[in-house]
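# Coordinates only, no sequence provided:
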């Protein structure tokens, strides 16, 4: 069903929570460990992780293409093995910000598999703020993910929106933001240094600053 109302798509990892949590480093470490357990040397595993991420958007997609891996086993040992409960805590400021965004529908748009993203938003205390989620479905052969244009089209279909001008995205990945903007979405880059980022329509240093660059979405909520 198509609903003619703006949709704000929120990336999950390193966006809804800050990169300084260290989750990104833990994830990279677990990916390398997974490859080492496959018999790949540590040095080569690090190189492959970086190359696969660059070429395919996710290291897993490279592993599926070039190695015989079970995607669900990978998820259980990499994403599923992260000690998120020891790292992520409820973020009442974020929840209040999201609750004030009533002028648009809210949707999670992540390259993670559903269980990981669900854990994150529950631990942040914001799982009641989203209408739905578009995720990288590891169970599907040749699954799509950002920054492929097909992933954005899938997100629009699942959220029930057909007009790109009604779509907003906030994401920490410059590549993901660039594609969103090229497709006609309004894109916000959560950048390490927003003063020098030229990606997207707006640049912020933390998700909490979102109302500062799009105040009209919160004003119209009042």
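Perfect, I can see it now. Quick caveat, the model's predicted, so the values are computed rather than measured.

# How much space separates the residue of the chain positioned farthest from its centre from residue 68?
Among residues of the chain, the one most distant from the C-alpha centroid is residue 39; the distance is 29.7 Å, by CA atoms, centre = their mean. Note on residue 39: its distance to residue 68, by CB to CB, to the nearest Å, is 12 Å. Bear in mind the C-beta positions are built from the backbone N, C-alpha and C, glycine included.

# Pretty sure residue 53 sits against residue 47.
No - the criterion here is CB atoms under 8 Å, and residue 53 misses it with residue 47 at 11.0 Å.

# Now do the same contact list for the residue lying closest to residue 202 once chain neighbours are set aside.
Among residues not flanking residue 202 along the chain, residue 213 sits closest, at 3.9 Å (CB to CB, 6 or more residues apart in numbering). Taking CB atoms under 8 Å, 6 or more residues apart in numbering, we find residue 213 in contact with 188, 202, 203, 204.

# how does it look with 7 Å?
Contacts for residue 213 were tallied using CB atoms under 7 Å, 6 or more residues apart in numbering; they are 188, 202, 204.

# so how many other residues sit close to the nearest residue to residue 126 once chain neighbours are set aside?
Computed as CB to CB, 6+ apart, the closest residue to residue 126 that is not its neighbour in sequence is residue 95, at 5.1 Å. Using other CB atoms under 10 Å, the number of residues around residue 95 comes to 16.

# Contact partners for residue 95?
Residue 95 neighbours (CB under 7 Å, 6+ apart): 125, 126, 129.

# Who wins on neighbours among the residues you listed?
In the contacts of residue 95, the most neighbours by other CB under 10 Å go to residue 126, 23 neighbours.
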